[in-house]
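Novice: here's a sequence, model it:
(one chain, ligands or ions: 1)
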Amino acid sequence: MKVGTRVTWTNDDKTTHTATSGTITSNEYGKIFDSGYLTRGKSFTFIFDHTGNYEYFCLLHPTMIGKIIVTK
Ligand SMILES: [Cu+2]
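Specialist: Numbering: from 1, shown residues only. You can find the predicted model right below:
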């Protein structure tokens, strides 16, 4: 997706989740964005203003992972 895109994560699950930048094994996780605990129905929005590959995961369920690729 293009720089400047706004991404919204919405938790449609019964279980609480997070969208937290980085990987569970990195000291840097959560530094770029961190939704905090998203209970059912809650949303979190982040605007990607820089190019790059942004991995993210759920702090509560670290096998839940994703990646966002931001291009010019
Ligand atoms: Cu989770």
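
Novice: tell me which parts of the protein are close to the ion?
Specialist: Taking Cβ under 5 Å from the ion as the contact definition, the chain meets the ion at 17, 58, 60, 61. The way it works is simple: take the backbone N, C-alpha and C, and place the C-beta from them, glycine included.

Novice: now which of the residues you listed would you call buried?
Specialist: 17, 58 (16 or more other Cβ atoms under 10 Å).

Novice: now, the residues of the chain next to the ion that are in strands?
Specialist: Cross-referencing these against strands under DSSP state E gives no overlap.

Novice: can you list the residues of the chain next to the ion in a markdown table and add pLDDT and distance to residue 29?
Specialist: Formatted as a markdown table, the residues of the chain next to the ion follow (pLDDT from 0 to 100; distance: Cβ to Cβ, whole Å):
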| residue | pLDDT | distance to residue 29 |
| --- | --- | --- |
| 17 | 98 | 15 |
| 58 | 98 | 11 |
| 60 | 98 | 13 |
| 61 | 98 | 14 |
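
Novice: for residue 3, give its distance to residue 29.
Specialist: Relative to residue 29, residue 3 is positioned 22 Å away (Cβ to Cβ, to the nearest Å).

Novice: looking at the two, which is more packed in?
Specialist: The residue with more neighbours, out of residue 3 and residue 29, is residue 29; 18 against 13, by other Cβ atoms under 10 Å.

Novice: what is the three-state secondary structure of that one?
Specialist: Secondary structure, DSSP: H, G, I helix; E, B strand; the rest coil: residue 29 is coil.

Novice: surely it meets residue 20?
Specialist: Yes. If you go by Cβ atoms under 8 Å, residue 29 and residue 20 touch, sitting 5.8 Å apart.

Novice: can you give me the strands for the chain?
Specialist: Going by DSSP E, the chain shows strands at 5-10, 20-21, 43-48, 52-57, 65-70.

Novice: as a markdown table, those strands with mean pLDDT, mean neighbour count and distance to residue 37 would be great.
Specialist: Listed next are the strands of the chain as a markdown table, based on pLDDT from 0 to 100; neighbours: other Cβ atoms under 10 Å; distance: least, Cβ to Cβ, whole Å:
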| stretch | mean pLDDT | mean neighbour count | distance to residue 37 |
| --- | --- | --- | --- |
| strand 5-10 | 98 | 13 | 12 |
| strand 20-21 | 98 | 21 | 10 |
| strand 43-48 | 98 | 15 | 10 |
| strand 52-57 | 98 | 17 | 14 |
| strand 65-70 | 98 | 12 | 17 |
